[in-house]
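sequence first, then the predicted structure:
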Amino acid sequence: MTKDKFFGRREQLNILLKRIGDLKDGYRQNIAILGDELVGKTSLIYKLLGTLWDNRTIVLYLEVRPQALESFAKRYMSVLFYNFLSNSGITLREDLVFLISKSERFIPRTAAKARSILSSLEKRKTSDIFPVLLSLPDLIHQETGKFCVVILDEFHNLEKMGIKKLYAEWSKLLILHKSTMYVIISSMKFRAQQVLARNLSLLFGNFEVINIEPFDVKISEDYLNNHFRERGMAVNKGMINFIVHFTGGYPFYLETISRQLTNPGIEGLVDALEELLFSSAGMLNQRFSHYLKRFLDLPQSRDFIEVLYLISNGHNKLRDISHILHRQQKDLRFKVGQMVELDMISRNGDFLKINDRVFSFWLKFVYQEKAHAFTFDAKSQKELFREKIFSMVKEFVTAEQKPISERLIELLRLFDDDMVQLDRKKIRLSHFREIKPLELNGRFLKDGIIGRSSENVWIMGLKKEAITEEDIVDFSRECKKYRHGEQKKIIITLKDIDMNTRLKALNDKVITWDVNILNQILDLFAKPRIIV
């Protein structure tokens, strides 16, 4: 997503601005921003940097690369001193020695410490550099009263620099230096959560976690409509809905696909996806090919790729993968665990999911077809790719035309007693022996579905509009008619659910699902999402 566009992160931006504002009032709260690659974390930070304007606060933003500690230290100091001098009226150069010398008359102790760090680096004495480096912002505060916000993008790469006692030393500084606020960012969610739980879980100086999710349907549609409007293109809602479904709301993919689209019809969409995903020079094809190469050097790399391919094709349970590959589940479980730790995939109960939705489509439609071809026939492979994309679009369009109740019944028929986690609650998706529509007698809640399994009965209410506390009362009364077996009472709405209604449902033991949860389940069964 380009830097000048900002969609859908206003709440997170306001949290950051408030925490930075609180810093000057003596309240310091560190922040951890976690999210998948390409989900828009850096765009949020660019917006933050463009919004902040305060002479009492110095912001240091640094992308942490897998590099030598010496290079990191010099970059860190360069940005710190440059930003310290940015409002001084001095003509600045991107030269660390120059910046230190110009800062000396304002912050002599900090400048002297920086020179000491440079001297140690020249002598290859790096064992104690990291804590001294992170002490510079506190020194600036002592000398000027200014506060520092240190933003470290992909902070987990610090682990590759050979820093001794990295988190133990950092933890001490987090407690002592209350004038310095840290914002750490990571795309390696699994590893970052481990670090926050085990290494940086502090009584004082702890991290507030902000999770960055893909855009929801409404924001994705706004983004696309704005983009096409700027280009003078008229794209129908069905096409926009498919792009939202295909990208999963990831800003980078919304941007990339919409920019590639020159013809607003289905043919034009297939052309765009062919150019991006199938063409050997395509941006996404190259990106995903390069991503896979990172794993080819790992032991038994073929196993990783086969598991990824099976998940992309809807075989997303360990028992199914084990059966198809003729491998024991215990052997595959370790490899699946490695893939989860690398943030390639994630677990949801008994289900596995590839985190990057478009990468999953590429595996299914491009990579495996090329890998399994007996001869390289670019023309026939391209035609096959186009046929599959056309078929996918057709399946999506067909699904969109069906009543929601019909799509729900089709989904319920796929349940097979598997466990999932939805809205932080575990639930078993019962295998039903009977599923049928149900007419409810609520004042506003009329449509329902009943599903009976050998162990329980699911009573489901469906409402396209927002549900109310009154709906919960009516639905609970209706459910009392069905007294045999264990009950699961579920109301599904295609709108957001307000807090009072959620609390009423919780009190009445009614499960509430909005369209986001419904789409999570549809994803697990490789079914088209509901876009409303």
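Everything's here; your move.

the closest residue to E143 other than its chain neighbours: how many residues sit nearby?
Leaving aside its sequence neighbours, E143 sits nearest to I107 (Cβ to Cβ, 6 or more residues apart in numbering; 4.6 Å). For the C-beta atoms, the positions are set from N, CA and C on the backbone; glycine is no exception. As a burial measure, I107 scores 23 neighbours (other Cβ atoms under 10 Å).

repeat that for the one 5 residues further on.
Residue neighbour count, defined by other Cβ under 10 Å, stands at 13 for A112.

next one, pLDDT for the residue nearest to E143 please.
We have a pLDDT of 97 for I107.

contact partners for it?
Neighbouring residues of I107 by Cβ atoms under 8 Å, 6 or more residues apart in numbering: F84, L139, I140, E143, T144.

and what of L196?
A32, F207, V209.

list only buried entries from the residues you listed.
Taking 16 or more other Cβ atoms under 10 Å as the criterion, what is buried in those is A32, F207.

make a markdown table from the contacts of L196 and add pLDDT and distance to S187 to it.
Formatted as a markdown table, the contacts of L196 follow (pLDDT from 0 to 100; distance: Cβ to Cβ, whole Å):
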| residue | pLDDT | distance to S187 |
| --- | --- | --- |
| A32 | 97 | 12 |
| F207 | 94 | 16 |
| V209 | 95 | 14 |
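
dump the contacts of L196 into CSV; add secondary structure and distance to S391 as well.
Below are those laid out as CSV (DSSP: H, G, I helix; E, B strand; the rest coil; distance: Cβ to Cβ, whole Å):
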residue, secondary structure, distance to S391
A32, strand, 42
F207, strand, 46
V209, strand, 40
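
show the buried residues in the contacts of I107.
F84, L139, I140.

could you say which helix or strand holds the first one?
This points to F84. helix 69-85 (DSSP states H and E).

neighbouring contacts of that helix?
With Cβ under 8 Å, 6+ apart as the test, helix 69-85 has contacts from 58-62, 64-65, 92, 94, 96, 99-100, 102-103, 106-107, 114, 117-118, 121, 126, 129-130, 133, 136-137, 140, 146, 148, 158, 161-163.

please, a ChimeraX command that selects the buried ones among those?
One line in ChimeraX is enough to select the buried ones among those; burial here means 16+ other Cβ under 10 Å:
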select :58,59,60,61,62,64,96,99,100,102,103,107,114,117,118,121,126,129,130,133,136,137,140,146,148,158,161,163
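
just the ones in helices from the contacts of helix 69-85, please.
Using DSSP state H, 96, 99-100, 102-103, 114, 117-118, 121, 129-130, 133, 136-137, 140 are the members of the contacts of helix 69-85 that sit in helices.

hmm, S279 is touching N285, no?
Yes - contact criterion Cβ atoms under 8 Å: S279 and N285 qualify, at 6.1 Å.

who has more neighbours, those two?
A count of neighbours by other Cβ under 10 Å puts N285 above the other of S279 and N285, at 20 against 17.

burial check on the closest residue in space to the more buried one that isn't next to it in sequence, number of neighbours?
The spatially closest residue to N285, leaving aside those adjacent along the chain, is L277, at 5.6 Å (Cβ to Cβ, 6+ apart). Residues near L277, counting by other Cβ under 10 Å, number 23.

so how far is V270 from L277?
Counting by Cβ to Cβ, to the nearest Å, the gap between L277 and V270 amounts to 10 Å.

then L44?
33 Å.

and D474, by the same measure?
46 Å.

going by distance to L224, which of the ones in helices among the contacts of helix 69-85 wins?
Using Cβ to Cβ, P137 comes nearest to L224 of the ones in helices among the contacts of helix 69-85, at 40.9 Å.

and stretch 193-203, how far out from the chain's middle?
20 Å (Cα atoms, centre = their mean, to the nearest Å).

I should have written stretch 469-483 there, sorry.
For stretch 469-483, the distance to the chain centre is 37 Å (Cα atoms, centre = their mean).

how does this structure divide into domains?
Split into domains by automatic domain parsing, the chain comes to 10-211, 217-283, 306-401, 404-524.
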